[in-house]
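Colleague: sequence isn't available, so here's the structure alone:
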């Protein structure tokens, strides 16, 4: 007899979400985590004496409100606050754009009266399309394949198509444009001034090793718009205590429902017997059996690193051999003796722009060059840097008078050699220095995570924070593969609950939620 109902590989936020729902359904669940801390990439850690930060994932919006309610995360300590301003774009010529409620149109008008007038219509159109995406996030996609058994899923797909047809023609056209166009082409059709296009277009290259003019980048932009903070759609915020506060609350919720979480327990292999996943082998040789095995690792590592090669179906092996992944993300955390003083908006006392997402990339053309330079050179010599300073909102992260900053940097090739890590890190600091003279001298300590470091530390293959590119052929019914978009993998008893499943990357909790529903449906009726 199996020891458990369910084993979950990986205590990242999706694994914990999945575990909590399964525990609430009365199933016996054990979560196995390789690291000595739960949370996966959503963790808060001390990276310099006295300085704590969200060391990988760093800001919150996409976490699903239903999950927050169902798991009662607020009771378990989670508190999320909105940014004081949404985004700050300092420009090399000394001007700036600062966006947020009640100020965006006025700020855009400094560069283009026409763009300021059009912005409200743009937001309304994006909001209508985002509402479509919101309606799909917590549902399994039609599980399309090429067999008679797929007929019920084809009907489900037809029903989804009818939902799209019920949209007004303008919204439907916008949805299709975002799916087929690049973000750059889409934004060029709306606006004439570079600053607003840069602020909006940054979302298209977040974690996406691409140009804003690359096909498919329109969807990545859209993917980052369906979130909310405390009921306000489309805004971003901070978890007090860092991103680890989210996963610590999830772990408490899971534990309250009987889930056992073992840290320092790396899984070496998924056991497959008679074409069914029946358990796992740990690195120390221990064997744990269960009725179901759920993976929170990316699908490529699951099928090429954990499932025995001879047990992987031929079509699955072929799909994973062509699975596209690899982020251009170079992640840094810095301890600061003082706040940055930006030339475009001087002052080192806490102000709204310090508590926003600070984007250092003045135009879509700049972002396009950064990508092309990365492809040619291995990293962009004029990189894209987004900086957040969460200690402006959360004083628990740094000593009094000091601050912590997250630097989310693009574009760096996943293959960057370790020997060049510090050289690239220096470049990122120098890039901020160009906008905020004196920044370099204020850095007391830094943590540097290249794409290879993200793989080694958090298990993100090629540093891919999305567990696989969110391109047209790796989305919706094709994520991770045709015929298996419903979280049930090609091996019976094996499920996928991570970002390599629908709806993809970001701290959403949605894949974990959706996978749990599939497992509950299967195990309760067995």
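Modeller: Now that the structure is in, tell me what you want to look at. All figures in this text were calculated on a predicted structure; none of them were measured in a lab.
Colleague: which SSE is immediately downstream of the helix or strand of the chain with the lowest mean pLDDT?
Modeller: Here the helix or strand of the chain ranked lowest by mean pLDDT, DSSP states H and E is helix 151-165, holding a mean of 50. Next in sequence after helix 151-165, counting helices and strands by DSSP states H and E, comes helix 169-180.
Colleague: any idea of the mean pLDDT for that following helix?
Modeller: Average pLDDT, helix 169-180: 78.
Colleague: helices or strands next to that helix in the packing?
Modeller: Counting contacts by 3 or more C-beta pairs under 8 Å, 6 or more residues apart in numbering; DSSP states H and E, helix 169-180 packs against helix 113-137, helix 151-165, helix 217-223. All C-beta atoms are positioned from the backbone trio N, CA, C, and that covers glycine.
Colleague: what about the stretch 1-150 of the chain, any weak spots by pLDDT?
Modeller: Counting by pLDDT under 70, the stretch 1-150 of the chain has low-confidence residues at 1, 145-150.
Colleague: helix, strand or coil for residue 383?
Modeller: In three-state terms, and counting by DSSP: H, G, I helix; E, B strand; the rest coil, residue 383 is strand.
Colleague: wait, what's in contact with it?
Modeller: 330, 370, 409, 410, 411, 412, 427, 428, 431 (C-beta atoms under 8 Å, 6 or more residues apart in numbering).
Colleague: and these, which is closest to residue 208?
Modeller: Nearest to residue 208 among these is residue 410, at 8.3 Å by C-beta to C-beta.
Colleague: just checking: what are the partner strands of the helix or strand that contains that closest one?
Modeller: Using DSSP H and E, the element containing residue 410 is strand 403-412. Looking at strand 403-412 with DSSP bridges, its partner strands are strand 330-336 (antiparallel), strand 379-388 (antiparallel).
Colleague: what comes up buried for the longest one?
Modeller: Right, strand 379-388. 379, 380, 383, 384, 385, 386, 387, 388 (16 or more other C-beta atoms under 10 Å).
Colleague: now do stretch 366-383
Modeller: 366, 367, 368, 369, 370, 371, 373, 374, 378, 379, 380, 383.
Colleague: reformat these as TSV; add secondary structure and pLDDT.
Modeller: Shown next, in TSV, are the buried residues of stretch 366-383 (DSSP: H, G, I helix; E, B strand; the rest coil; pLDDT from 0 to 100):
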residue	secondary structure	pLDDT
366	helix	98
367	helix	98
368	helix	98
369	helix	98
370	helix	97
371	helix	97
373	helix	97
374	helix	96
378	coil	95
379	strand	97
380	strand	97
383	strand	97
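Colleague: check these and tell me the two furthest apart.
Modeller: 366 and 378 (18.5 Å).
Colleague: how about the strands in the stretch 151-300 of the chain?
Modeller: 228-229, 232-233, 237-239, 260-262, 267-273, 276-282, 287-295 (DSSP state E, counting those that start in this stretch).
Colleague: how far out from the middle of the chain is the last one?
Modeller: If I follow you right, that is strand 287-295. Relative to its chain's centre, strand 287-295 lies at 26 Å (C-alpha atoms, centre = their mean, to the nearest Å).
Colleague: which residues are in contact with it?
Modeller: By C-beta under 8 Å, 6+ apart, strand 287-295 touches 1-10, 15, 18, 30, 32, 270-271, 277-282, 302, 306, 489, 493-498, 515, 519, 522-523, 526.
Colleague: swap the cut-off to 6 Å and go again
Modeller: 2-9, 270, 277-281, 302, 493-497, 519 (C-beta atoms under 6 Å, 6 or more residues apart in numbering).
Colleague: pull out the buried members of those.
Modeller: 4-9, 270, 277-280, 302, 493-497, 519.
Colleague: which of the residues you listed fall in helices?
Modeller: Using DSSP state H, the members of the buried ones among the contacts of strand 287-295 that fall within helices are residue 519.
Colleague: ends of stretch 260-267, how far apart?
Modeller: Using C-alpha to C-alpha, to the nearest Å, the end-to-end distance of stretch 260-267 comes to 16 Å.
Colleague: domains of the chain?
Modeller: 1-124+237-526, 125-236 (automatic domain parsing).
Colleague: ok so, going back, gap between the strand holding residue 410 and the chain center?
Modeller: Using C-alpha atoms, centre = their mean, the offset of strand 403-412 from its chain centre is 15 Å.
Colleague: buried residues of the following helix or strand past it, list them for me.
Modeller: Downstream of strand 403-412, the next assigned helix or strand under DSSP H and E is helix 421-435. Judged by neighbour count (16+ other C-beta under 10 Å), helix 421-435 contains these buried residues: 421, 424, 425, 427, 428, 429, 431, 432, 433, 435.
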